[in-house]
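K.L.:
Fold the following, please.
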Amino acid sequence: MKNSTSSSFKRLNMSTKVLFTAIVLLFTLTLNLQAQNATTSLPKAGTTALLGKADGIAIEGKVQSPAGQATPLQIVCIFEYEEGDLTSPSALPAAINGLLHVDEALKGLITDLRKNGKFLGHRLETMLITPPKGSMPAQKLLLIGLGNRKDFTPDVMTDIGRVGMREALRLGVSSYSHASDLKDGGIDSPTGTVAVNVVKGALDAYETEQYLIRKKVTGHRPLTKLTLLAGQAFFAPSGDAIKAYLSTRN
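P.N.:
Numbering: from 1, shown residues only. The predicted model follows:
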């Protein structure tokens, strides 16, 4: 009787182990399939979409690192320096960290400027750089400071958008690209709100410039396109938010 009971327990334990192993394998397979679906559903690098037009300016979204964007003027936004902030656990991984890509393309120049106090990243501080030939395709690179990351709110991006547009008009470019780089710098910001605020600020600055032209106190080359760069995971939410905003301006 004792041997029979022992054999029954062994068979039961064996069945339990087989069932448990099957469940683990099924769970792992499900997770892998979900990960593959998430990856394949993301837009590829270089994907672009016309989000709308305002004041004669085409507003475009694009999946692209600022280090790889061909444009007369590339804007990137940077917080005040903290040691290792671009590679900290809160920042985006190196493979998709656009600000880190720019720094690497310029052989560490961005980190050097920040670390040595040449560019402090104070709110709305600017610095214009001409990238060396072969480093990145942008003809000009404009750094705009975001200030202290602890004080950041999405409203800051409206002012950032204004400054970016005014600098673009001052430089006389017909188009430019903007990368907010907040997540690159370690801030989990509301993607749609940030993108809309950048566009709001930019269009506000452009309309002010048009007003000054009508007053005959300034002149500028018309801007034809503003491109907002986004990572694969943030392309759709930022684009949808901008489309919704532009629809309210019509």
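K.L.:
what's the following helix or strand after the lowest-mean-pLDDT helix or strand in the chain?
P.N.:
Of the helices and strands making up the chain, the lowest-confidence element is helix 2-41, at a mean of 55, by mean pLDDT, DSSP states H and E. Sequence order places strand 48-54 as the next helix or strand after helix 2-41, per DSSP states H and E.
K.L.:
Quick check: buried residues in that next one?
P.N.:
49, 51-52, 54 (16 or more other C-beta atoms under 10 Å). Placement of C-beta: from N, CA and C, glycine included.
K.L.:
which helices and strands does the helix or strand residue 202 falls within pack with?
P.N.:
Assigned by DSSP H and E, residue 202 falls within helix 191-214. Contacts defined by 3 or more C-beta pairs under 8 Å, 6 or more residues apart in numbering; DSSP states H and E place helix 191-214 against strand 57-63, helix 156-171, strand 225-230, helix 235-249.
K.L.:
For residue 130, find the nearest of the ones you listed.
P.N.:
Taking C-beta to C-beta as the criterion, helix 156-171 is the member of the helices and strands packed on helix 191-214 that comes nearest to residue 130, at 11.3 Å.
K.L.:
what sits up against the closest one?
P.N.:
By C-beta atoms under 8 Å, 6 or more residues apart in numbering, the list of residues contacting helix 156-171 from outside reads 72-73, 75, 77, 123-124, 126, 128, 140, 142, 144, 146-147, 176, 178, 180, 194, 197-206, 209, 220-221, 223, 226.
K.L.:
Now do that helix against strand 57-63: the angle between them, please.
P.N.:
Per axes from the mean of the first three to the mean of the last three C-alpha atoms, to 10 degrees, the angle that helix 156-171 makes with strand 57-63 is 120 degrees.
K.L.:
Check the offset of helix 156-171 from the chain's centre.
P.N.:
17 Å (C-alpha atoms, centre = their mean, to the nearest Å).
K.L.:
what comes up buried for the helix holding residue 202?
P.N.:
Buried, per 16+ other C-beta under 10 Å, within helix 191-214: 191-203, 205-206, 209.
K.L.:
in the sheet, who's paired with residue 177?
P.N.:
residue 74, residue 227 (DSSP bridges).
K.L.:
What number of residues are in the vicinity of it?
P.N.:
24 (other C-beta atoms under 10 Å).
K.L.:
Against residue 185, how distant is it?
P.N.:
Counting by C-beta to C-beta, to the nearest Å, the separation of residue 177 from residue 185 is 18 Å.
K.L.:
do residue 163 as well
P.N.:
Relative to residue 185, and taking C-beta to C-beta, residue 163 is found at 17 Å.
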